[in-house]
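[1] turn this into a structure:
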Amino acid sequence: MQNKNLERYTREIERIPTIPVISKEVLTLLSDEDVSIKKLAQVIEKDQAMTVRILKMANSAFYGTLSRVSSIDHALVILGIAEIKSILMAFSIRDFFRDAKGNSFDRNRFWKHAVICSQVAKYLARYFKIPSDDTLFLTGLIHDMGKVVFDQYFHEEFVKIVEYVNEHHCTFSEAEKQVTGVTHYQVAAKLLQQWQFPKRVVMQVFYHHAPWHDKDEAVGSIIVYLANILTKMAGYTCLEGEKKIELSQFASSKAMQFVVKSGFDLDSSSLEKLVLQIQDFIAMERNNVLNVFKP
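    Okay, here's the model as predicted:
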């Protein structure tokens, strides 16, 4: 039954149009390894909305700027080309899925979870001294986009999933397996493949609930997995009725054992301290970063 459902969903996903190009000129420049900051800035400045978003992000406390960033040239130096590309792609995805199908899904709540998760993923990469991975911001932001795909393109099933979550106070993943047999990460991975996103992004999205199945680049999947869990621990779930993960429950779980065996220096005590640090970080960053991603 699950395979038949997956085949049906796959056929429907193949009909979803290509994500709108942010700006052909910008994307062309971003893919050019030799592009100059000055040239890229000149093109970005033609788009006022894009300019405002990038400047807001560059002025985020996360990047540790000592003085206000007021020019795109300066912002590009602080953020880096790869980060700029991720930001623009993320905005494009958010705008693509802007229209809600009803009141069953609070999109503002969804994007709060997504944006905070993206920042927590970057924070964790620094905390664990993970080599620079320019996909983590983007993956953290779009890891749950399959839920929006469900809402927008499979709305009746989505409503049933939400009802199941509210009735049983379980996770979204548990509910969708019971209702449809198909998960949001399967749906998202299929669509991202179709849109020709980098394989690493597709895999991190696909494995963000089970990084132990990622046999190629599990470290990135673990970071996104932890970011998702810690964001939910801080109270930022996608759905109001969704089960909140307790620290003590996760600390004694097999998932925690896998994270430790994978080389992450973490135990119950350090996990508790990390959660407090993450909560402080979210409190500092929340309004600044959420304002950047307001529709």
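
[2] so for stretch 28-44, what's the average pLDDT?
    Here stretch 28-44 scores 79 as its mean pLDDT.

[3] centre of the chain to it, how far?
    25 Å (CA atoms, centre = their mean, to the nearest Å).

[4] neighbours of Gln279, how many?
    14 (other CB atoms under 10 Å). Backbone N, C-alpha and C define where each C-beta goes, glycine included.

[5] please renumber so the chain begins at 163
    Yes, from this point I'll number from 163; that puts the last item at Gln441.

[6] spit out the contact partners of it.
    Applying CB atoms under 8 Å, 6 or more residues apart in numbering to Gln441 gives the contacts Ala396.

[7] that one sits in which helix or strand?
    helix 430-454 (DSSP states H and E).

[8] what do you get for Met251?
    Residue-wise, Met251 maps onto helix 243-258 under DSSP H and E.

[9] any idea how far Leu392 is from Lys218?
    Distance, Leu392 to Lys218, by CB to CB, to the nearest Å: 24 Å.

[10] which one of those two has more residues nearby?
    With neighbours defined as other CB under 10 Å, Leu392 and Lys218 compare such that Leu392 has more, 27 against 17.

[11] and the pLDDT for that one?
    pLDDT at Leu392 comes out at 93.

[12] likewise for the one 5 residues further on?
    Reported pLDDT at Gly397 in the predicted model: 85.

[13] got phi/psi on it?
    phi 100, psi 0 (degrees, to the nearest 10).

[14] not counting sequence-adjacent ones, nearest residue to it?
    Take Gly397 and drop its neighbours on the chain: the residue closest to it by CB to CB, 6 or more residues apart in numbering is Lys406, 7.1 Å away.

[15] for the one you found, which three-state class applies?
    Three-state call for Lys406 (DSSP: H, G, I helix; E, B strand; the rest coil): coil.

[16] who's in contact with it?
    With CB under 8 Å, 6+ apart, Lys406 has these contacts: 394-395, 397, 399.

[17] OK, contacts around Val386?
    279, 283, 298, 301-302, 305, 366-367, 370, 373 are the contacts of Val386 under CB under 8 Å, 6+ apart.

[18] narrow the residues you listed to those in helices?
    Members of these lying in helices (criterion: DSSP state H): 279, 283, 298, 301-302, 366-367.

[19] could you identify the buried members of those?
    Those of those that meet the buried threshold are 279, 283, 298, 301-302, 366-367, by 16 or more other CB atoms under 10 Å.

[20] Ile178 contacts Gln356, correct?
    Yes: with contacts counted by CB atoms under 8 Å, Ile178 reaches Gln356, the gap being 7.3 Å.

[21] now do Ser410 against Cys332, distance only.
    The value you get for Ser410 to Cys332, if CB to CB is used, is 19 Å.

[22] between the two, which has more neighbouring residues?
    The neighbour comparison of Ser410 against Cys332 (other CB under 10 Å) goes to Cys332, with 16 against 10.

[23] excluding chain neighbours, what is closest to Val327?
    Nearest one to Val327, counting by CB to CB, 6+ apart, is Ala337 at 4.6 Å.

[24] let's verify the one you found: helix, strand, or coil?
    helix.

[25] what's around it, how many residues?
    24.
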